[in-house]
Each structure stands twice: as C-alpha cells, then as structure tokens.
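Q: here's my sequence, what's the structure:
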Amino acid sequence: MTEKFNILAKYIKDMSSETPNVETFLFVRENISKYQLNIDINSKALKNKLVEINTTMKFEDKEANEKKSYYEIIFATIIKVSDDVNDKKDLEKIILCDVQNIIYPDLEKAFLNLIHNSGHPGIKLEKKIDFNKLYSERFN
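A: Below you'll find the model as predicted:
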C-alpha cells in the first residue's frame, strides 16, 4: 500500500470494437492514421473509503464520414483510500494521477490488443500519457 491508497482490484469493465462491414474495415485501414485517442476518467465513492475509478479510452475518427470504426475500453479500478486522506485535492490527485500512472501499462496493453485483434496490428500509441502534466494543466 502506498501511504495514501491501496488498489484492491482492477479489471476490464467494458470493451467494444465496432466495424459494421468489410467496406468500412478497408476504408478504416487506409485512414486509421486520422483516428484520435481520447481518455476520460470518472470516479464514484463507495462505502468505507472505497472508490471506483473508471478510465475510458476511445480511439475514433472525429471527421464526419459514413465509414468509421469505433474502439473503446472502460478499465475499472477499486481503491481503498487511507483514513488520513481528507483533502479533496489529495483525493483528486490520487484518482487522476497516482492510480492512472499505476494502471496505465495494463490499460494500454489491453486497448492495443483490442485494436490489433480488430484487424489493425500495426497501430501503436506513440505518446505515453503524462497524467501528472494533464492534472497540473487542468488546475493552473
């Protein structure tokens, strides 16, 4: 356990890959470089200082065209927060940075497996997500 929290469980809550037909698959294969990665984090307080954190990753085409695939994973993490964490800012940092930095390698691996198994084995996530930087930018 870190001083502030302990991860009790982490798992894939939901996973989706949608490609409606072969024409779409072929179109996406040629245009997948235009796809963008989005990440969203939300949390829900449970009983006894437990928090469920859902980290959602989406890989999608933002352009308005008929032929597109959609890839999404929701990765759930259950943490127990230490009794001495009472400040809202500390809790936000735990949820948005500390936990994300720990789970990200598993989340990234699962998400890439989804995309690779959907017929796009060459896709890589070029940039690692810097959760600490995103957090500090959000509050400055």
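Q: which neighbouring elements make contact with the helix ranked longest in the chain?
A: Using DSSP state H, we find that the single longest helix of the chain is helix 99-117. Judged by 3 or more CB pairs under 8 Å, 6 or more residues apart in numbering; DSSP states H and E, helix 99-117 is in contact with strand 5-18, strand 50-60, strand 70-81, helix 131-138. C-beta here means a position set from N, CA and C on the backbone, and glycine is covered the same way.
Q: who are the packing partners of the lowest-mean-pLDDT helix or strand in the chain?
A: Within the chain, confidence by mean pLDDT, DSSP states H and E is lowest for helix 131-138 among all helices and strands, at a mean of 84. Contact analysis of helix 131-138 by 3+ CB pairs under 8 Å, 6+ apart lists helix 99-117 as its packing neighbours.
Q: buried residues in the helix it packs on?
A: Of all the residues in helix 99-117, those buried under the rule 16 or more other CB atoms under 10 Å are 99-100, 102-104, 107-108, 111-112, 114-115.
Q: ok, stretch 29-48 next?
A: 32, 35, 41, 43.
Q: mind putting the residues you listed into JSON lines with pLDDT and distance to Thr24?
A: Listed next are the buried residues of stretch 29-48 as JSON lines, based on pLDDT from 0 to 100; distance: CB to CB, whole Å:
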{"residue": "Ile32", "pLDDT": "91", "distance to Thr24": "11"}
{"residue": "Tyr35", "pLDDT": "92", "distance to Thr24": "13"}
{"residue": "Ile41", "pLDDT": "96", "distance to Thr24": "29"}
{"residue": "Ser43", "pLDDT": "96", "distance to Thr24": "34"}
